[in-house]
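**Q** here are the coordinates; sequence isn't available:
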């Protein structure tokens, strides 16, 4: 526990320093000075095959975990759909979260594209949280080029310690940042810590496996949430 607390403390300081350097301010306005060096449309690839964030069409990753005291299942499916975003053909990935028996809690479509150097860009998301009484919460949704939203990196071509980068940027709505804290070992795993100046008490650790992607997520502070990859399958779905 002391080791985790120390890590969280270091990350909180690093997050503050990086957020200040990147122009991120809690409470909004953090994207005003952020200018991503996104390549021109002609420099984007047709497939996403980054070793730590591959998106082969038809693949589904199934995760199980808990949020608070509730059991959850997260299904991430790489669809055959694409969406044109600022001239870039983005792969559409569905991400649905359920609780038993199952009950759909959240339905999201994420938009990704890989440049010809191997960096995977995050170009937006359309998210719906299904609330009691039939209400829908769409907060967190954003799209590059709309309302000042700007793209971020979801995975670098060659991530190295201690790289840090923005993953998304819509001031006051989507300001996630990531910090690479480990890479290597017998399984060549990549470890990152992720945080947002909009929720400074929350720090999350993600572990990536080559040719698979995310294999586990754990919230280190600000709550209790975990996810573990339990199955990978290949089949096409809408």
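**A** Great, that's in hand. Values in this document were obtained by computation on a predicted structure and should not be read as measured data. Numbering: from 1, shown residues only.
**Q** Is residue 42 in a helix, a strand, or coil?
**A** Three-state secondary structure (criterion: DSSP: H, G, I helix; E, B strand; the rest coil) places residue 42 in helix.
**Q** That one - how many residues pack around it?
**A** 7 (other CB atoms under 10 Å). C-beta: built from backbone N, CA, C; applies to glycine.
**Q** next one: residue 178
**A** Residues lying near residue 178 (other CB under 10 Å) number 23.
**Q** so it touches residue 168, yeah?
**A** No. Counting by CB atoms under 8 Å, residue 178 does not reach residue 168; the two are 10.1 Å apart.
**Q** which residues of the chain score low on pLDDT?
**A** Scanning the chain for pLDDT under 70 picks out the ranges 1-29, 236-238.
**Q** Show me where it has its helices.
**A** 2-22 (DSSP state H).
**Q** gap between the most centrally placed residue in it and residue 193?
**A** Geometric centre of the chain, nearest residue: residue 154, 5.9 Å, by CA atoms, centre = their mean. Distance of residue 154 to residue 193, given as CB to CB, to the nearest Å: 15 Å.
**Q** do the same with residue 132
**A** Applying CB to CB, the value for residue 132 to residue 193 is 33 Å.
**Q** So if I had to pick from these two, which one is more boxed in?
**A** Neighbours were counted for residue 132 and for residue 193 using other CB under 10 Å; residue 193 has more, 23 against 5.
**Q** my guess is that one meets residue 217, correct?
**A** No. The criterion here is CB under 8 Å, and residue 193 misses it with residue 217 at 11.1 Å.
**Q** what sits against the residue nearest to the centre of the chain?
**A** 53, 112, 120, 121, 122, 167 (CB atoms under 8 Å, 6 or more residues apart in numbering).
**Q** Determine the longest strand present in the chain.
**A** strand 70-85 (DSSP state E).
**Q** check contacts around residue 226.
**A** Applying CB under 8 Å, 6+ apart, we find residue 226 in contact with 65, 66, 216, 217, 218, 219.
**Q** How about it: what's its closest non-neighbour residue?
**A** Leaving out its chain neighbours, the residue that sits closest to residue 226 by CB to CB, 6 or more residues apart in numbering is residue 65, at 4.4 Å.
**Q** Tell me if I'm right that the one you found and residue 217 touch.
**A** Yes. Residue 65 lies in contact with residue 217 (CB under 8 Å); the separation is 7.4 Å.
**Q** Between these two, which is the more surrounded one?
**A** Under the neighbour definition other CB under 10 Å, residue 65 and residue 217 were set side by side, and residue 65 has more, 21 against 18.
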